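coords please:
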Amino acid sequence: MKKYFVLLFLILSTQLFSQINPEITSIKTLHILEGIIDNKYPITMYLTIEEGTKKVDGKYYYNNIGDFVYLKESVSDNNSKVILKEFSSNYYNDNNSTGEFVGTINKKMVFKGTWSNGKKSFNFEVKPNKKNKIQEIEIVKYTFEDTDYNSENPPFGVSYEILKIANSKKIATIENVNKELEKTSGKAYDYNDDYSVWKKNIDVDGESNGWGVHSSYELIYIDNNVISIISKLWAFPATNRPIMDDTPLVYSLNSGKILNERIDDLIYSVDDEKFIILMKQKIETQYGDFSSFEEFESYDFFKSQYIYNVNASGITFQNQNFRYPLHISFTYDELKPFVNKKSELYYLFK
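Coordinates of the predicted model:
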């Protein structure tokens with residue numbers, strides 16, 4: 001019996017030694033704000049504030065255009081003053097800034113001040129819309145990293161985010177969406193086997209390739225009926241072949257169900273010749289001449305498995321079966337003739 005307990009202790013000790021335990025490294029709140037610039041231009045802003053550090057960043061779009069303008073991270077001071085430089089893409093270069101917001105944020109999340117681009121200057125104000133089902137989303141980041149073995153060896157690292165929609169009214173469908181989002185997060189994956197393999201390689205020969213998996217989310221669009229998110233994955237496994245993947249997730253806030261698993265739930269017929277012609281024209285416009293690819297000449301290419309996201313200006317389809325992912329963007333007006341009127345998303349096309 002004594003030998004049994006000794007053996008059990010050794011097994012448990014080995015398991016515990018090999019297990020990872022990601023810890024919370026940041027908590028952010030994403031605020032959905034609406035307002036206006038110069039009393040003329042309605043905008044929607046997704047503003048994120050990190051707990052403790054007071055770091056602020058985000059993005060916004062003009063409601064009549066729908067394309068994102070990105071806001072570079074800033075830190076609010078003790079008077080809640082914030083300076084946010086804006087950029088047309090999320091690849092920041094201070095020389096390419098298109099303007100900046102300078103203002104204050106109060107406890108009710110009213111952000112107001114002045115927008116300017118060096119030539120013109122206008123007043124602005126954005127704030128939560130009390131009529132919206134969702135006004136805040138909590139983003140909790142978990143991180144684990146092991147760099148203790150040898151500074152010359154690449155580390156083992158894991159980081160992932162969990163999104164949780166604030167739901168003070170306890171709406172059941174929103175709770176369902178929160179549960180589904182947790183299932184899609186990095187928390188749902190067991191990293192312990194990978195960690196054990198990585199550590200074993202170091203213990204045996206003192207060498208190991210770096211190993212890292214990092215996942216996060218980006219809010220693309222939200223209204224009282226739907227939420228559209230991109231799940232982002234960056235992985236650097238021991239094979240030294242990095243993996244980058246963006247997966248769109250579109251959930252109904254009315255049913256709690258995912259909506260974008262099948263394109264034919266949105267498009268009434270993927271066999272429609274006019275739809276296929278439009279799809280081909282879009283690909284050629286956005287990516288150039290694909291005539292050299294045999295897949296592109298195949299009729300079946302345009303009926304293959306697509307997923308999509310919903311954004312303020314339209315729908316973007318993503319083909320997973322080509323040599324690299326194709327992101328094909330349509331405005332709501334362009335796609336409307338082909339949309340299934342029974343789709344939960346049909347209201348966007350009216």
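
How is this protein divided into domains?
Recorded structural domains for the chain (assignment: automatic domain parsing) are 24-127, 136-252, 263-349.

Take these and write them to TSV, including mean neighbour count and mean pLDDT.
In short, each C-beta sits where N, CA and C put it, glycine included. Shown next, in TSV, are the domains of the chain (neighbours: other C-beta atoms under 10 Å; pLDDT from 0 to 100):
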stretch	mean neighbour count	mean pLDDT
domain 24-127	15	92
domain 136-252	16	83
domain 263-349	15	81
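
Grab the longest strand from the protein for me.
Counting residues, the longest strand in the chain under DSSP state E turns out to be strand 23-37.

next SSE after that one?
The helix or strand immediately downstream of strand 23-37 is strand 41-50, counting by DSSP states H and E.

helices and strands around that following strand, which ones?
strand 23-37, strand 55-62, strand 121-127 (3 or more C-beta pairs under 8 Å, 6 or more residues apart in numbering; DSSP states H and E).

cutoff 6 Å now
Applying 3 or more C-beta pairs under 6 Å, 6 or more residues apart in numbering; DSSP states H and E, one finds that strand 41-50 makes contact with strand 23-37, strand 55-62.

Tell me the strands beside the shortest one, with direction?
When pairing is defined by DSSP bridges, strand 55-62 lines up against strand 41-50 (antiparallel), strand 69-75 (antiparallel).

repeat for the longest one
Sheet pairing of strand 23-37 (DSSP bridges) gives strand 41-50 (antiparallel), strand 121-127 (antiparallel), strand 136-146 (antiparallel).

Put together a markdown table for those, with distance to residue 247 on each row.
Output for those, formatted as a markdown table (distance: least, C-beta to C-beta, whole Å):
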| stretch | distance to residue 247 |
| --- | --- |
| strand 41-50 | 19 |
| strand 121-127 | 29 |
| strand 136-146 | 17 |
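
element containing the closest residue in space to residue 236 that isn't next to it in sequence?
If the residues on either side of it in the chain are set aside, residue 236 comes closest to residue 212, at 4.4 Å by C-beta to C-beta, 6 or more residues apart in numbering. Assigned by DSSP H and E, residue 212 belongs to strand 211-222.

Would you check that residue 192 makes contact with residue 19?
Yes - using C-beta atoms under 6 Å, residue 192 is in contact with residue 19, at 5.2 Å.

gap between residue 215 and residue 83?
30 Å (C-beta to C-beta, to the nearest Å).

hmm, back to that, just checking, what packs against the strand holding residue 212?
In terms of contacts (3+ C-beta pairs under 6 Å, 6+ apart), strand 211-222 is packed against strand 156-165, strand 226-236.

if we can go back for a sec, hmm, who's touching the longest strand of the chain?
Applying C-beta atoms under 6 Å, 6 or more residues apart in numbering, the external contacts of strand 23-37 come out as 42-51, 109, 115, 122, 124-127, 129, 135-143.

Likewise for stretch 41-53?
Taking C-beta under 6 Å, 6+ apart as the rule, stretch 41-53 contacts 26-31, 33-34, 36-37, 56-63, 126, 219.

hmm, back to that, now the helices and strands packed on strand 211-222 in CSV, with distance to residue 276?
Shown next, in CSV, are the helices and strands packed on strand 211-222 (distance: least, C-beta to C-beta, whole Å):
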stretch, distance to residue 276
strand 156-165, 35
strand 226-236, 25
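
among these, which is nearest residue 69?
Closest approach to residue 69 among these is made by strand 226-236 (17.2 Å; C-beta to C-beta).
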